[in-house]
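Visitor: next come a sequence and a model predicted from it.
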Amino acid sequence: MHIRNRHIDIDGVRVFYREAGPADAPALLLLHGFPTGSHQFRRLIDTFADRYRLIAPDYPGFGHTEAPAGFTYTFDRLADITEAFTDALGLDRFALYLFDFGGPVGLRLALRRPERITALIVQNANAYEDGLSDGARELIARRRETPGDEEAVRGLFTPEGTRFQYEAGLADPTRLDPGAPALDQYFLDLPGRTDAQTDLAFDYRSNVGHYPAWQEWLRTHRPPTLILWGAGDPFFTVAGAKAYLRDLPDAELHLFEDAGHFALETHLPEITPLIGEFLGRLDS
């Protein structure tokens, strides 16, 4: 099945998305992280497109999606656009793949439309204070009005900052395709993108405030869940992965000790069989 690369207009935003697989197959909505986009799922889509309908949008401020001047870059607005996107595509039931920013976007969707969510695949997407590293806490504590804080946040969007996110905690750097961070940097360097990312960075603390509600949703709905976690993640710790088991005791947890934040990028051969087995059990 070939990947189809498309745009759709959603509330004034020209959303780019990748789609593959039979239209009537079980759907998996792939929600990317920072600073990447739907391209992070390109190999995963190729792997499963013969059996599932896979859909990966770019959020406003990311990848090939085009947002109008004046768009408000908050996690609530990213969720608004993503929810409207699922409506436009007629996605009534789907599993969610949550990575990094995909966690706060996808869990907002789950609270709003719980009847739609069939399962979760959680890959380094934090929903617990246990999982915040010291570096993550330091970033969340920054405020735009505090002298020096905006400059520190913008340092994340440099080539050095992007490479750090990919390389930190990765035991074997040769497993990383250097084209991945280079592509992310290309999009970060587009006009207006660092401003958008700065707004989202300062809004990230809103996600921590939602943690109790997301945890309650997990406890109440108990979706089948597969947790995949790069243990060397400099932002989201192993404690955050294990914290899911408090609310989802039947979840399946796999830690990749030699992987970092972008475990899917470097450990696809180890991860895809786990996803295939998990999705296969849902179908049986």
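Guide: Everything's here; your move.

Visitor: where exactly do the helices run in the chain?
Guide: Using DSSP state H, the helices of the chain run over 42-48, 75-88, 102-112, 134-141, 149-154, 159-167, 179-188, 193-203, 205-221, 238-247, 263-266, 268-283.

Visitor: now, of the ones you listed, which is deepest in the fold?
Guide: Per residue and on average, the most neighbours among these fall to helix 263-266, with a mean of 24 (mean count of other C-beta atoms under 10 Å). Using the backbone N, CA and C atoms, a C-beta is placed for each residue, glycine as well.

Visitor: low pLDDT regions in the stretch 101-250 of the chain?
Guide: Residues of the stretch 101-250 of the chain meeting the criterion pLDDT under 70: none.

Visitor: picking up where we left off before, mind putting the helices of the chain in a markdown table, distance to V15 included?
Guide: Shown next, in a markdown table, are the helices of the chain (distance: least, C-beta to C-beta, whole Å):
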| stretch | distance to V15 |
| --- | --- |
| helix 42-48 | 17 |
| helix 75-88 | 6 |
| helix 102-112 | 13 |
| helix 134-141 | 27 |
| helix 149-154 | 26 |
| helix 159-167 | 23 |
| helix 179-188 | 15 |
| helix 193-203 | 15 |
| helix 205-221 | 22 |
| helix 238-247 | 29 |
| helix 263-266 | 22 |
| helix 268-283 | 25 |
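
Visitor: which among the ones you listed is found nearest to I227?
Guide: Nearest of the helices of the chain to I227, taken as C-beta to C-beta: helix 238-247 at 5.5 Å.

Visitor: show me what that closest one is packed against.
Guide: helix 205-221, strand 225-230, strand 252-256 (3 or more C-beta pairs under 8 Å, 6 or more residues apart in numbering; DSSP states H and E).

Visitor: P114 versus the residue nearest to T36 when sequence neighbours are not counted, what's the distance?
Guide: Among residues not flanking T36 along the chain, D184 sits closest, at 5.1 Å (C-beta to C-beta, 6 or more residues apart in numbering). In this view, D184 and P114 are 32 Å apart by C-beta to C-beta, to the nearest Å.

Visitor: with P173 instead?
Guide: Look at P173 and P114: by C-beta to C-beta, they are 41 Å apart.

Visitor: ok, back up a step: right, and the residue nearest to T36 touches T162 too?
Guide: Yes. Counting by C-beta atoms under 8 Å, D184 does reach T162; the two are 5.5 Å apart.

Visitor: what touches both of these two?
Guide: Common contacts of D184 and T162 (C-beta atoms under 8 Å, 6 or more residues apart in numbering): P35.

Visitor: most distant residue from the middle of this structure?
Guide: Within the chain, the residue lying farthest from the chain centre (C-alpha atoms, centre = their mean) is P147, at 30.1 Å.

Visitor: out of the helices and strands packed on helix 238-247, which is closest to A119?
Guide: Nearest to A119, of the helices and strands packed on helix 238-247 and by C-beta to C-beta, is strand 225-230 at 6.8 Å.

Visitor: then that closest one to CSV, C-alphas only?
Guide: Provided in CSV are the C-alpha atoms of strand 225-230 (Å, rounded to 0.1, in the frame of the first residue of the first chain):
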residue,chain,number,x,y,z
THR,A,225,-2.4,-0.2,26.2
LEU,A,226,1.1,-0.9,24.9
ILE,A,227,3.9,1.2,26.5
LEU,A,228,7.2,1.5,24.6
TRP,A,229,9.9,3.6,26.3
GLY,A,230,13.4,4.7,25.5
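
Visitor: start and end of stretch 45-58, how far apart?
Guide: End-to-end distance of stretch 45-58 (C-alpha to C-alpha, to the nearest Å): 15 Å.

Visitor: repeat for stretch 127-145
Guide: 26 Å.

Visitor: can you check stretch 16-29 too?
Guide: Criterion C-alpha to C-alpha; first-to-last residue distance in stretch 16-29 is 14 Å.

Visitor: stretch 45-65 now?
Guide: In stretch 45-65, first residue to last residue: 19 Å (C-alpha to C-alpha).

Visitor: please apply the same query to stretch 90-98.
Guide: 20 Å.

Visitor: and the average pLDDT for that stretch is what?
Guide: For stretch 90-98, mean pLDDT is 97.

Visitor: quick one on the thing from earlier: now distance to A20 too, for the helices and strands packed on helix 238-247, in a markdown table please.
Guide: Converted to a markdown table, the helices and strands packed on helix 238-247 look like this (distance: least, C-beta to C-beta, whole Å):
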| stretch | distance to A20 |
| --- | --- |
| helix 205-221 | 28 |
| strand 225-230 | 20 |
| strand 252-256 | 25 |
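
Visitor: no further queries at this time; thank you.
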